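K.L.:
Show me how the following folds:
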Amino acid sequence: MKYTPMIRQYLDIKKDYADCLVFFRLGDFYELFFEDAKVASKELEIALTARDGGAKERIPMCGVPHHSVNPYLQKLINKGYKVAIAEQVSEPGDGLVERKVVKLITPGMVVDDLLLAEKQNNYLASIGVERLNYSFCYADISTGEIVLWEKLSLDELEDEVTKKAIKELVLSKEVYHLEKYFPDVLISKHNNYLSAHNLADNLTSQSKKTVLHLLSYLSQIEESLINVFNELEIADSNKYLKLDNNSIKALELTEGYSLFKVLDKNETNMGSRLLKQMIENPLSDETLIKTRQDYIEALKEGPLYLVREALNNIYDLKRITARIANFNANPKDFIQLKNSLLQVPKVKEALLSYQKTKLTEFAKKLDSHQQLLELLTSALKDDAPITIKEGGIFKEGYHEKRDQLANLKNKGQQWVLDFEAKEREKTNIKNLRVGFNKVFGYYIEITKANIPLVKEEFGYLRKQTLVGSERYINSELKAREAEILNAKESLLELEYQLFLELREKVSFYQESLQILADKLSFIDVMQSLARVALENNYVKPEIRTNREIHIREGRHPIIEIFNPEPFIANDVSIMPNGILIITGPNMSGKSTYMRMVALIVIMAQIGSFVPATEAKLALFDAIFTRIGAQDDITSGKSTFMVEMVETNYALKNATKNSLMLFDEIGRGTATYDGMALAQGIVEYVHEKVKAVMLFSTHYHELTALEQLKRVKNIHVKAVLEKGKLIFLHQVSEGATDKSYGINVAALAKLPKPLIHRSQLILEGFEENQKQEIALTIFNFDDVKEGAIFDQVNEHVIHQLKEVNINDLTPIEALLLIKKFQEEIK
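P.N.:
You can find the predicted model right below:
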């Protein structure tokens, strides 16, 4: 098919970037063609047009202005598209302008601040597998963070991908089959590995491959991208309290009106990102927790406002340093770096005022980077532009040759002004103007009304006719033009080269700047937690080695801030490895009470003070929640099935050092099935798991389980006054035998006849079905598999008989074995 030269040029570029939307620079616009245009017009909600391209049919086309491209790019990146930016790299002339891709942007590879969320990391990741143990490496090229997890199960892998909100997964052919588990993540297939990189010797070969696979993908796109990483962090699961994604959502830790929103009083964006990481990864190391507590306690007692004021003027050093490392930094980045370094002595001074505390030692370790600050101060104009090819970057005195060229350029500009004044006087044309454009160079512009005043002896040569004026040149102007333009072009080129040299010099400080950024981020989080503790009257929790919880006048940290009603504080007392069975009406506050306990534990284990008047807490290794449920349409699972799957995950992974929150287990099935399962779960946790558990239920029969030695009943109070249900939101010891479901329905304004009829039916049920639960405590070690288990095993045996071993790859065989194991567990 015959296309125009420009469309052929576009197609040549598109061939190399087939999986990208190609933004093709045409003058002041980026244009998209063919299928790219159809996709972009739909996603960006812009007009789809067409143009001639040499073929019989017109080519679909849409475009966006180059000066406002970022919002469009951000929208496409957020929707999971890759974008290739093809710029004009030669000056317009008689032939076709040369174009090439100068930038590739993918959801996981964004470095431009305008395309990034300020308070969120932007991760891409790779996955490796060996004998069903998965290695998982994720990185943020905008901050220089790179982390490796080893020996994850498939469930844990899925959870980490979701928790970290991975934007892009790089998969090798060994793990292509995992694509189906991550339908909402952009998958990039890549099969090369970086051949040489400094990695720890104690890593397994599979872990090394996973890291090198990710680095290879980055270096293939832009070699300098891998320069941003300082040191590979190898995640230690024993260092952190385990929180799965269900718990993060159920406890409202990071999204919307969340714990993060309550605690985030950071002055810097990098501090906010670190706080979010801390909330998602609470500590399980008592020493580290107490270290953070010491910082917060010290900050509370001194001039916190001085620390905040100094931090307030510090920019996002982590992202600036990453752009310096991959040679994408611009003059604006360097000015922000300079202004941030100016604040470091002020931060040190503020911290040193806290005498004889950890803060004074911390302050001494802050590197002010005095030499770098002097370099940037001597080099850069305060109003330097963002771009690096338009000049105006450097101060006078920074470079001798640059000053000479700037002087020539300035003299040339003054000559133009003097020439314009002289020509006005000579011609007696008061609005004569000397202008410049890239096509004609310098010209003399005279309006149509004054053209009769132009005389032949002026030596003017007509160059261009416009609607309201004529443009001329003369020999004097053309002779001087070359000198002026040469000085201007030479100055632009020299400033560009000087900036590249400056960027190279600054890059030598990458490692120390990252260390400084980490320290400033940390102290920002500590002051944020100190401020929240002061403002909300939090107390320092006591971390204990025994497995019990004692909280006096505990409060839900989120509800007390965002709910206009006063929060009713409650006590919590759970014996070592104890189980609380919580009863009470709907809307009375059972779930709030459970969440309050979990949130106070999480706050304590990130090192924060907590909303209570006193808190003595066990150190937990994990929190598992089963709160709220809905159908999982994508996998065909009902609400009850989702509930059972999540319950099973908790029971399998919890230890005696875990905290479990189970809310209304069994409500998704028939009454007696649900009650039986609920009782079985409580007994199993009591006898086998021995975790601390809060278990809310409407099955009042379960309160008889208090006969077990570590089970205790509590209830949330409600009273009927003149037939109206009033929630007191107070928790008391003992059980309640009323759910007040019909009263809650009345509050919801259901029809009165329906309410009356329901009350009569309830009275009949209560009269006819009064019976005690038959409580039998099992020895779970002796439980034999019954008919249901036999049916499952028979199903597995049938599947095994149908398998053709010769058709399976080793990986497929291992996955099949894992599937059968899961079915018969």
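K.L.:
So the residue sitting furthest away from the middle of the chain: helix, strand or coil?
P.N.:
In the chain, Glu457 marks the outermost C-alpha relative to the chain mean, sitting 70.7 Å out by Cα atoms, centre = their mean. Three-state call for Glu457 (DSSP: H, G, I helix; E, B strand; the rest coil): helix.
K.L.:
Next one: it from Arg480, what distance?
P.N.:
Counting by Cβ to Cβ, to the nearest Å, the gap between Glu457 and Arg480 amounts to 20 Å. Using the backbone N, CA and C atoms, a C-beta is placed for each residue, glycine as well.
K.L.:
how about Phe34, what does it touch?
P.N.:
Shown in contact with Phe34 (Cβ atoms under 8 Å, 6 or more residues apart in numbering): 14, 59-60.
K.L.:
Distance-wise, check it relative to Glu87.
P.N.:
20 Å.
K.L.:
Got phi/psi on Phe567?
P.N.:
In terms of degrees, to the nearest 10, the main-chain angles of Phe567 are phi -90, psi 130.
K.L.:
ok, for it, nearest residue in space, not its chain neighbours?
P.N.:
Leaving out its chain neighbours, the residue that sits closest to Phe567 by Cβ to Cβ, 6 or more residues apart in numbering is Glu560, at 4.0 Å.
K.L.:
Counting neighbours, what do you get for the one you found?
P.N.:
The criterion is other Cβ atoms under 10 Å. On that basis, Glu560 has 17 neighbouring residues.
K.L.:
hang on, isn't it packed against Asn570?
P.N.:
No: when contacts are counted by Cβ atoms under 8 Å, Glu560 is not listed as touching Asn570 (11.9 Å).
K.L.:
where do the helices sit along the stretch 51-200 of the chain?
P.N.:
70-78, 154-163 (DSSP state H, counting those that start in this stretch).
K.L.:
and the longest one, which residues are buried?
P.N.:
What it means is helix 154-163. 154, 156-163 (16 or more other Cβ atoms under 10 Å).
K.L.:
Ok, stretch 457-475 next?
P.N.:
By neighbour count with 16+ other Cβ under 10 Å, stretch 457-475 contains the buried residues 460, 469-473.
K.L.:
Then stretch 683-700?
P.N.:
The neighbour-count check on stretch 683-700 (16+ other Cβ under 10 Å) flags 683, 685-686, 689-700 as buried.
K.L.:
for that stretch, what is the average pLDDT?
P.N.:
The average pLDDT within stretch 683-700 is 91.
K.L.:
what about it, how long is it end to end?
P.N.:
End-to-end span of stretch 683-700 (Cα to Cα, to the nearest Å): 16 Å.
K.L.:
Quick one: distance of it to the chain centre.
P.N.:
35 Å (Cα atoms, centre = their mean, to the nearest Å).
K.L.:
Going forward, the N-terminal residue is numbered 44.
P.N.:
Sure thing, new numbering starts at 44, so read that last one as stretch 726-743.
K.L.:
that older thread, can you list which of the buried residues of stretch 726-743 are found in strands?
P.N.:
Using DSSP state E, the subset of the buried residues of stretch 726-743 located in strands is 735-739.
K.L.:
Could I get the full set of strands for the stretch 94-243 of the chain?
P.N.:
Listed in chain order, the strands of the stretch 94-243 of the chain (DSSP state E, counting those that start in this stretch) span 102-108, 126-131, 142-148, 167-173, 176-183, 188-195, 211-214, 229-232.
K.L.:
what does the stretch 344-493 of the chain give?
P.N.:
Under DSSP E, counting those that start in this stretch, the stretch 344-493 of the chain gives strands at 476-480, 484-490.
K.L.:
Deepest-packed of the ones you listed, please.
P.N.:
strand 484-490 (a mean of 19; mean count of other Cβ atoms under 10 Å).
K.L.:
And the pLDDT at Ile686?
P.N.:
No Ile there; residue 686 is Glu. 80.
K.L.:
Columns mean pLDDT on top of the helices of the stretch 94-243 of the chain, output as TSV?
P.N.:
Listed next are the helices of the stretch 94-243 of the chain as TSV, based on pLDDT from 0 to 100:
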stretch	mean pLDDT
helix 113-121	95
helix 197-206	92
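K.L.:
out of these, nearest to Ala160?
P.N.:
Between Ala160 and the helices of the stretch 94-243 of the chain, the shortest gap by Cβ to Cβ is with helix 113-121, which sits at 9.4 Å.
K.L.:
Report the contact partners of Glu199.
P.N.:
By Cβ under 8 Å, 6+ apart, the neighbours of Glu199 are Tyr177.
K.L.:
circling back: CSV for the strands of the stretch 94-243 of the chain, including mean neighbour count and mean pLDDT?
P.N.:
As requested, these are exported to CSV (neighbours: other Cβ atoms under 10 Å; pLDDT from 0 to 100):
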stretch, mean neighbour count, mean pLDDT
strand 102-108, 19, 96
strand 126-131, 20, 95
strand 142-148, 17, 93
strand 167-173, 24, 94
strand 176-183, 24, 94
strand 188-195, 21, 93
strand 211-214, 23, 95
strand 229-232, 17, 92
